[in-house]
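In: here you go, sequence then predicted model.
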Amino acid sequence: MEFFQTLLDWYMANLNYFTVALLMLIESTFLPLPSELVIPFAAAKAAQGDLNVFLVVLFGTIGALCGSLINYTLAYYLGRPLVYSFADSKIGRIFLLSKEKVIHAEEYFLRNGKSSTFIGRLVPGIRHLISIPAGLAKMNLRDFMLYTFVGAGIWNIILSIIGYYLYEYSEKIIPYLDKILYVLGAGFVIYLLVKATINKRKKGSDSSEPGNKLQG
């Protein structure tokens, strides 16, 4: 418990507008960093008076846009074969990527068109990958930035409201904080193990599966 408390104290002490933007940039690339571990905590710090919640949303959204632009640019210039090869490589799997995830994101993009870069920011499992099919489809950059900024902004507002108002109940939560942290930590480890197992099982899928035609 002392370790988790020390880690949490360090994290909160170093949480500012720059680190919010940086962490949200990372979250919007292919790296496995949930936005739920960034914005709510920053909003809680805003509730303490150390940050401004509106600037938390703004900097978080700017960071998310910059991270999405990284994925968009890489996909735009590398093309489908290299993107799929990376997603299905050992390095890609370390970052919890897989060919199936990219296929799913691209199929979602094709079904929903430009609006998918807006709606997709609100969909778990799609949110951080939707910029890849946008880049593969060479979506207009201005439209991509607009839809991404608005979608990411709405998501960050939702997370900020949760974090800001949960702080009011912190005194009731603190007595159970150790149990909450243990459960969250165990849950995240289980999530990583399950995803790694699923990716390993799906790796042997043959090329005749629906959706693989996208790679042609």
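Out: Now that the structure is in, tell me what you want to look at. Numbering: from 1, shown residues only.
In: from now on I want contacts and neighbour counts done on CA atoms only, so please keep to that.
Out: Will do.
In: contacts for stretch 146-163, please.
Out: Where contact means C-alpha atoms under 8 Å, 6 or more residues apart in numbering, the residues beyond stretch 146-163 that reach it are 36, 39-44, 53, 56-58, 60-62, 64-65, 68, 114-115, 117-122.
In: in it, what counts as buried?
Out: Within stretch 146-163, the residues that count as buried by 16 or more other C-alpha atoms under 10 Å are 147-157, 159-160, 162-163.
In: tell me the one of those nearest residue 28?
Out: residue 152 (9.4 Å; C-alpha to C-alpha).
In: gap between the helix or strand containing the closest one and the chain center?
Out: Counting by DSSP states H and E, the element that carries residue 152 is helix 141-166. The gap between where helix 141-166 is centred and where its chain is centred comes out at 12 Å by C-alpha atoms, centre = their mean, to the nearest Å.
In: give the rounded mean pLDDT of that helix.
Out: Rounded to a whole number, the mean pLDDT of helix 141-166 is 90.
In: isn't residue 17 right up against residue 59?
Out: Yes: in this structure residue 17 lies within contact range of residue 59 using C-alpha atoms under 8 Å: 6.1 Å.
In: neighbours around residue 78, how many?
Out: Burial measure for residue 78: 13 neighbouring residues, criterion other C-alpha atoms under 10 Å.
In: check contacts around it.
Out: Residue 78 sits next to no residue when contact means C-alpha under 8 Å, 6+ apart.
In: for this protein, give me the ranges with low pLDDT.
Out: Flagging of the chain using pLDDT under 70 yields the residue ranges 1-4, 32, 95-96, 125, 168-189, 191-192, 195-196, 198-200, 202-216.
In: do a quick rundown of the helices in it.
Out: 2-13, 17-27, 39-47, 53-78, 80-87, 90-94, 99-112, 116-119, 131-136, 141-166, 170-173, 177-202 (DSSP state H).
In: any idea which of these is most buried?
Out: Comparing these on average neighbours per residue, with mean count of other C-alpha atoms under 10 Å, the densest one is helix 131-136 at a mean of 27.
In: residues contacting residue 133?
Out: When contacts are counted by C-alpha under 8 Å, 6+ apart, residue 133 touches 72, 75, 102, 105-106, 109.
In: quick check, nearest of those to residue 130?
Out: residue 105 (5.7 Å).
In: so the closest one versus residue 124, what's the distance?
Out: Counting by C-alpha to C-alpha, to the nearest Å, the separation of residue 105 from residue 124 is 11 Å.
In: also residue 107?
Out: Plainly put, residue 107 is 15 Å away from residue 124 if you go by C-alpha to C-alpha.
In: repeat for residue 106
Out: Using C-alpha to C-alpha, which is the criterion applied here, residue 106 is 15 Å from residue 124.
In: can you check residue 19 too?
Out: 23 Å.
In: contacting residues for the closest residue to residue 26 other than its chain neighbours?
Out: Closest residue to residue 26 apart from its sequence neighbours, by C-alpha to C-alpha, 6 or more residues apart in numbering: residue 67 at 6.1 Å. Taking C-alpha under 8 Å, 6+ apart, we find residue 67 in contact with 24-29.
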